[in-house]
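**Q** Could you work out the structure for the sequence below:
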Amino acid sequence: MERIIEGKKITVNEEGFLKDFSEWDKTVATVLASEADIVLTPRHWEVLEYLQQQHKDEVALSIRRIGKSGVLDIKEFYQLFPIAPLKTATKIAGIPKPASCI
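**A** Numbering: from 1, shown residues only. Here you go, the predicted structure:
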């Protein structure tokens, strides 16, 4: 499935996750975040970069692992991404939905 974001064509799956990370950029992230009613702050960007790095390192993401990461605790994660935090954050980060998400 294709979408156009700010004139850029991206390919997403049926849930809206990018199929190709190379299509991700900060504009795409900002639009995806706004669709989730999130305004990205510098702290959001730090978390998104952390998630992307974990994905590159092939680390299985879960709420529990993020809470133990030392990057942020679970409470802050829910404050930054209030609805379905892991699913929402990974979608905005341009990485696949974690297996731990429904």
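**Q** residues of the lowest-mean-pLDDT helix or strand in the chain that come out buried?
**A** Across the helices and strands of the chain, mean confidence by mean pLDDT, DSSP states H and E is lowest for helix 63-67: a mean of 90. For helix 63-67, a neighbour-count test (16 or more other Cβ atoms under 10 Å) marks Ile66 as buried. To be clear about C-beta, it is placed using only N, CA and C from the backbone, and glycine gets the same treatment.
**Q** Now do the buried residues in the helix or strand just after it.
**A** Using DSSP states H and E, the helix or strand that follows helix 63-67 in sequence is helix 74-80. Residues of helix 74-80 classed as buried: Phe77, Leu80 (neighbour count, 16+ other Cβ under 10 Å).
**Q** So which elements touch helix 74-80?
**A** helix 42-56, helix 63-67, helix 85-93 (3 or more Cβ pairs under 8 Å, 6 or more residues apart in numbering; DSSP states H and E).
**Q** weakest of the ones you listed in terms of mean pLDDT?
**A** When the helices and strands packed on helix 74-80 are compared by mean pLDDT, helix 63-67 comes last with a mean of 90.
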